[in-house]
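Colleague: My questions are about this predicted structure, shown below with the sequence.
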Amino acid sequence: LRFALTIWQLENGVVFVDSKEPKAALPTSALLGNIVKALYPTENLPKPASIHWPLLESAVAPDNALAEAREMVHAFLASRFDVKTPSLLVVLGQMAKDVVIASAKDAVAAMSVGENTSPAHLPCVAVYLPSLAELLRDPALKHSIWSAVKAAHNIR
């Protein structure tokens with residue numbers, strides 16, 4: 001199990017978590033900056049934080065790597081959310097969904113793009129969308145963003 005997540009927390013409390021593809025060299029930050037400007041015209045995209053798994057390289061993968069990764073990601077986000085409670089969590093990409101929204105007690109494998117949920121371990125609604133890399137590769141996917149975020153956050 002290997003992944004990298006990038007996290008942006010806006011001043012208005014909206015948090016974006018993207019399933020990063022480090023070797024893809026795509027302009028994902030520029031795309032998210034444009035999305036943020038379209039959704040929240042007064043917001044600026046802050047400097048992102050990153051989470052990488054595994055924390056240490058090892059030839060032996062633990063049997064419970066996914067559970068450990070979820071626990072680490074949940075603890076990281078909880079430390080951020082203690083400082084500023086989010087109003088909405090926008091989860092971009094399958095891997096982010098698997099480690100941010102899902103928990104040991106609450107599998108969300110059947111969750112479709114555009115759906116939102118309120119898992120017990122998160123302090124707000126989370127909406128699942130394609131990753132920024134997927135949006136760049138297939139621009140037709142962008143149509144789902146506005147309606148999904150609006151439904152989850154009641155944007156007017």
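Modeller: It's in. Source: prediction; values computed, not measured.
Colleague: ok, residue 53 touching residue 66?
Modeller: No - counting by CB atoms under 8 Å, residue 53 does not reach residue 66; the two are 9.5 Å apart. Every residue, glycine included, has its C-beta placed from N, CA and C.
Colleague: So which of these two has more stuff around it?
Modeller: residue 53 (18 against 15; other CB atoms under 10 Å).
Colleague: Contact partners for that one?
Modeller: Applying CB atoms under 8 Å, 6 or more residues apart in numbering to residue 53 gives the contacts 1, 2, 3, 4, 65, 69, 72, 73, 99.
Colleague: Pipe the residues you listed into a markdown table and attach distance to residue 33, secondary structure and neighbour count per row.
Modeller: Output for the contacts of residue 53, formatted as a markdown table (distance: CB to CB, whole Å; DSSP: H, G, I helix; E, B strand; the rest coil; neighbours: other CB atoms under 10 Å):
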| residue | distance to residue 33 | secondary structure | neighbour count |
| --- | --- | --- | --- |
| 1 | 30 | coil | 13 |
| 2 | 27 | coil | 12 |
| 3 | 23 | strand | 20 |
| 4 | 19 | strand | 15 |
| 65 | 33 | helix | 13 |
| 69 | 28 | helix | 22 |
| 72 | 28 | helix | 15 |
| 73 | 24 | helix | 20 |
| 99 | 24 | helix | 26 |
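Colleague: Farthest pair within the residues you listed?
Modeller: 4 and 65 (14.9 Å; CB to CB).
Colleague: helix, strand or coil for the residue at minimal distance from the centre of the chain?
Modeller: By CA atoms, centre = their mean, the chain has its centre lying nearest to residue 17, at 2.3 Å. With DSSP: H, G, I helix; E, B strand; the rest coil as the basis, residue 17 sits in strand.
Colleague: Next one, pLDDT for it please.
Modeller: You'll see residue 17 listed with a pLDDT of 97.
Colleague: Relative to residue 142, how far out is residue 28?
Modeller: Plainly put, residue 28 is 13 Å away from residue 142 if you go by CB to CB, to the nearest Å.
Colleague: Sweet, I'm off.
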